[in-house]
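Engineer: The sequence and its predicted three-dimensional model are supplied below.
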Amino acid sequence: MLKRLFDILLSFAGLFLLIPVFVIIALLIVLGSKGGVFFSQTRVGKNQKDFKLLKFRTMYTGAEKKGLLTVGESDSRITSTGKWLRKSKLDELPQLLNILKGEMSFVGPRPEVRKYVDLYNERQKQVLSVKPGLTDYASIEYVDENEILAKYPDPEKAYIEIIMPAKLQLNQKYIEEKNLLVDLKIIFRTIERIFKQK
């Protein structure tokens, strides 16, 4: 209950205070390439319930049909504005609406697409017992996931066999430890990690 109250208050405050940032980003996206401002994708949430995750559009329209994973900073599907948004993680800001709606929380396992969730074993499916989040231990550890994947000859195979299991293990660590203080620690560590990456 306390976690949900925290999510509501913080997401509402964030949406209100960030209105000017949303407007600037929207203009940059529209001026930079054809298409809408937002991108939505079906992800798997708590208790395996699907929901539409929101992001600022960082790819050219229709580019997601060429693959679910983005690899490296030179992925030709990503717009010039999109590269900056991804690097700064500002493309994730619309998920404040997902949090306000109760589909997500600030902290929790990052929601995955159904294609990869279908590969989870029974233990890994435990991560679906809590609301997905904007950030978690795995988000901090793999903040540069695209660059890591770019080092492999078969990025999707590497994601499925190496990165996804490692991330799910970190997700399970969060579930075992979760409380409001842990959430606050993860939020501050995420902000610190993003700034260090720049």
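Structural biologist: Great, that's in hand.
Engineer: Give me the neighbour count for Arg86.
Structural biologist: Arg86 has 21 neighbouring residues, counting by other Cβ atoms under 10 Å. C-betas here are computed from N, CA, C, even on glycine.
Engineer: What distance do you get for it to Gly102?
Structural biologist: According to Cβ to Cβ, to the nearest Å, Arg86 stands 26 Å off from Gly102.
Engineer: Now do the strands in this protein.
Structural biologist: Counting by DSSP state E, the chain has these strands, from start to end: 38-44, 50-56, 105-107, 133-135.
Engineer: Save those strands as CSV, and put in mean pLDDT, mean neighbour count and distance to Ile25 too.
Structural biologist: Converted to CSV, the strands of the chain look like this (pLDDT from 0 to 100; neighbours: other Cβ atoms under 10 Å; distance: least, Cβ to Cβ, whole Å):
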stretch, mean pLDDT, mean neighbour count, distance to Ile25
strand 38-44, 95, 17, 10
strand 50-56, 97, 19, 6
strand 105-107, 96, 25, 20
strand 133-135, 96, 24, 17
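Engineer: so what's Ile186 up against?
Structural biologist: Contact analysis of Ile186 by Cβ atoms under 8 Å, 6 or more residues apart in numbering lists 107, 135-137, 140, 174.
Engineer: Quick one: list the elements packing against the helix or strand bottoming out on mean pLDDT in the chain.
Structural biologist: Using mean pLDDT, DSSP states H and E, helix 145-149 stands out as the lowest-scoring helix or strand of the chain, at a mean of 86. The helices and strands touching helix 145-149, judged by 3 or more Cβ pairs under 8 Å, 6 or more residues apart in numbering; DSSP states H and E, number zero.
Engineer: ok, Lys34 to Arg57 distance?
Structural biologist: Lys34 is 10 Å from Arg57, by Cβ to Cβ.
Engineer: Give me the more crowded residue out of these two.
Structural biologist: Arg57 (25 against 8).
Engineer: How much space separates the more buried one from Gly36?
Structural biologist: With distances taken as Cβ to Cβ, Arg57 is found 6 Å from Gly36.
Engineer: I figured Leu170 hits Asp136, correct?
Structural biologist: Yes. Between Leu170 and Asp136 there is a contact at 7.0 Å, judged by Cβ atoms under 8 Å.
Engineer: Between those two, tell me which one has more neighbours.
Structural biologist: Each of Leu170 and Asp136 has its neighbours counted (other Cβ under 10 Å); Asp136 has more, 28 against 17.
Engineer: Can you report how many residues neighbour the residue nearest to Val30 when sequence neighbours are not counted?
Structural biologist: Leaving aside its sequence neighbours, Val30 sits nearest to Val37 (Cβ to Cβ, 6 or more residues apart in numbering; 6.4 Å). Neighbour count of Val37, defined by other Cβ under 10 Å: 14.
Engineer: before we move on, what about Lys115?
Structural biologist: 11.
Engineer: Now do the contacts for Lys178.
Structural biologist: 107, 130.
Engineer: Roughly how far does it sit from Ser105?
Structural biologist: Look at Lys178 and Ser105: by Cβ to Cβ, they are 10 Å apart.
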